[in-house]
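Asker: sharing a model that was predicted from the sequence below.
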Amino acid sequence: MSYLEYNVKYVPTGPRKFLYINWPLALLLVAVASVGFLMLYSVAGGNIARWAEPQMKRFGVGFIMMIAVAMVPIYFWRNVSAVAYGVSLLLLVAVEFFGDVGMGAQRWIDLGFMRLQPSELMKITLVMLLAAYYDWLPLKKISHPLWVAIPVALILLPTALVLRQPDLGTSILLVTGGGALMFMAGVHWAYFAAVIASGVGLVTAVFQSRGTDWQLLNNYQYKRIDTFLDPAADPLGAGYHITQSKIALGSGGWTGRGFMQGTQSRLNFLPEKHTDFIFTTLSEEFGFVGAIGLLVLYGLVIMFCISSALSNSNRYGQLLTLGIAMTFFLFFSVNMAMVMGLIPVVGVPLPLVSYGGSAMLVLMIAFGLLQSAHVHKPR
């Protein structure tokens, strides 16, 4: 039986596709987003119209988009992967010339009805292209230097453009997510050992370049590193964000101060309380139990993604699912580590919880791609 015949016989078609959606995963996404609605309502002081209501509308649109994307056969998304990557790359270039500036960074394109952040789109289209590449590439060529250099270039090109915005957090996510997909595709471990060694050298160069003509990072990024190493050195300046974040995290205790009773967020001591630092608000109001509860929800999402990938014999669908799962994992793990002071503040939102338009819609489209792989996997 040919591959095409196998798909025709065992892949659901027509309206029956709706029944094959991974509904437990979809419900988990609703649960995580509901936590976000609750916290946005709280940080706005009980004003639902300020942040919670727009976020609900975006999630509703995103959920419909997820279902629509899931209904499209996975081979279509494989065939347009290169086009999607190319469009994202062009949008990143467009940001250089026409992008809106906000908070000292040029990252958005104003579309009239919304502000699009192309770097968010690139996180997903990069996964799509790499999955298609390794689906096309014969297994015996995966670790050949020439065929390793191609995906490395595909990763580094958008990373360089994102660094110029500047957006260190997204750049790290692009490199880490792309590298993780290469590893899952079967690239030999020796390449990653070489990258780690190079990374150590790069970190050394970053510190050595400070104050020179060839300085590798912006001054504010060095300040973030200083703050990470010693936030108490400037508690009212560069260390203010992380200091207040730690106070909020610690004051929550085991069960928290209670819903809408967090002093750090209600009295505006906590900066960016509705975006990057919303996890600290959750921890202050619901304590360790609330924080672990959200982490459990995230863990269940990852578990269902991995389960779907392991049961999929379509290589593109499998790699796409694992890549999206890894991207989602990096999102919440980096954000949580950031607000707890385990890594420098790099401006990564908490997925489905932090307030934001581009990140929410792009992430729901990504889960639509994952659902498409699940719905159309050979059975």
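Answerer: Sure, I can see it. Residues are numbered from 1 along each chain as shown.
Asker: any idea how far residue 378 lies from residue 305?
Answerer: Computed with CB to CB, to the nearest Å, the distance linking residue 378 and residue 305 is 18 Å. To be clear about C-beta, it is placed using only N, CA and C from the backbone, and glycine gets the same treatment.
Asker: next one: residue 97
Answerer: With the distance defined as CB to CB, residue 97 ends up 37 Å from residue 305.
Asker: so for these two, which residue has more residues nearby?
Answerer: Counted by other CB atoms under 10 Å, residue 97 and residue 305 do not tie: residue 305 has more neighbours, with 25 against 7.
Asker: any idea which element that one lies in?
Answerer: Taking DSSP states H and E as the criterion, the element that holds residue 305 is helix 278-310.
Asker: ok, residue 48 next?
Answerer: For residue 48, there is no enclosing helix or strand under DSSP H and E.
Asker: that one contacts residue 42, doesn't it?
Answerer: No: under the criterion of CB atoms under 8 Å, residue 48 makes no contact with residue 42, lying 10.5 Å away.
Asker: for this structure, name the helix or strand with the lowest mean pLDDT.
Answerer: For the chain, using mean pLDDT, DSSP states H and E, the weakest element among its helices and strands is helix 3-10, scoring a mean of 48.
Asker: neighbouring contacts of the following helix or strand past that one?
Answerer: As assigned by DSSP H and E, the chain's next helix or strand after helix 3-10 is helix 23-43. Here helix 23-43 makes contact (CB atoms under 8 Å, 6 or more residues apart in numbering) with 47-48, 50-52, 55-56, 59, 63, 66, 259-260, 262, 265, 273-274, 278, 281-282, 285, 294, 297-298, 300-301, 304-305, 308, 350-355, 364, 367, 370-371.
Asker: next one: stretch 146-164
Answerer: With CB under 8 Å, 6+ apart as the test, stretch 146-164 has contacts from 85, 88-89, 92-93, 95-96, 119, 122, 126, 129-130, 133-134, 137, 141-142, 170-171, 174-175, 178-179, 182, 187, 191.
Asker: filter those residues to the buried ones?
Answerer: The neighbour count (16 or more other CB atoms under 10 Å) marks 85, 88-89, 92, 95, 119, 122, 126, 129-130, 133-134, 137, 142, 170-171, 174-175, 178-179, 182, 187, 191 as buried among the contacts of stretch 146-164.
Asker: so which residues of the stretch 251-379 of the chain form helices?
Answerer: With helices called from DSSP state H, counting those that start in this stretch, the stretch 251-379 of the chain shows them at 263-266, 278-310, 315-339, 358-375.
Asker: what angle sits between the helix or strand harbouring residue 171 and helix 278-310?
Answerer: Using DSSP H and E, residue 171 maps to helix 168-185. Calculated by axes from the mean of the first three to the mean of the last three CA atoms, to 10 degrees, helix 168-185 forms an angle of 20 degrees with helix 278-310.
Asker: tell me what helix 168-185 is packed against?
Answerer: The elements that helix 168-185 packs onto, with contact taken as 3 or more CB pairs under 8 Å, 6 or more residues apart in numbering; DSSP states H and E, are helix 118-136, helix 145-163, helix 189-208, helix 315-339.
Asker: is it possible to get a markdown table of these that adds distance to residue 252?
Answerer: A markdown table is the format used below for the helices and strands packed on helix 168-185 (distance: least, CB to CB, whole Å):
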| stretch | distance to residue 252 |
| --- | --- |
| helix 118-136 | 30 |
| helix 145-163 | 34 |
| helix 189-208 | 33 |
| helix 315-339 | 12 |
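Asker: which of those helices has the lowest mean pLDDT?
Answerer: Ranked by mean pLDDT, the helices and strands packed on helix 168-185 end with helix 189-208 in last place, scoring a mean of 89.
Asker: ok now that helix, how far from the chain's centre?
Answerer: Between the centre of helix 189-208 and the centre of its chain there are 23 Å (CA atoms, centre = their mean, to the nearest Å).
Asker: now do that helix against helix 145-163, angle only.
Answerer: Orientation of helix 189-208 against helix 145-163 (the same axes, to 10 degrees) gives an angle of 30 degrees.
Asker: among residue 48 and residue 42, which residue is more densely surrounded?
Answerer: Using other CB under 10 Å as the criterion, residue 48 and residue 42 rank with residue 42 on top: 25 against 14.
Asker: and that one, what's its pLDDT?
Answerer: Predicted confidence (pLDDT) for residue 42: 87.
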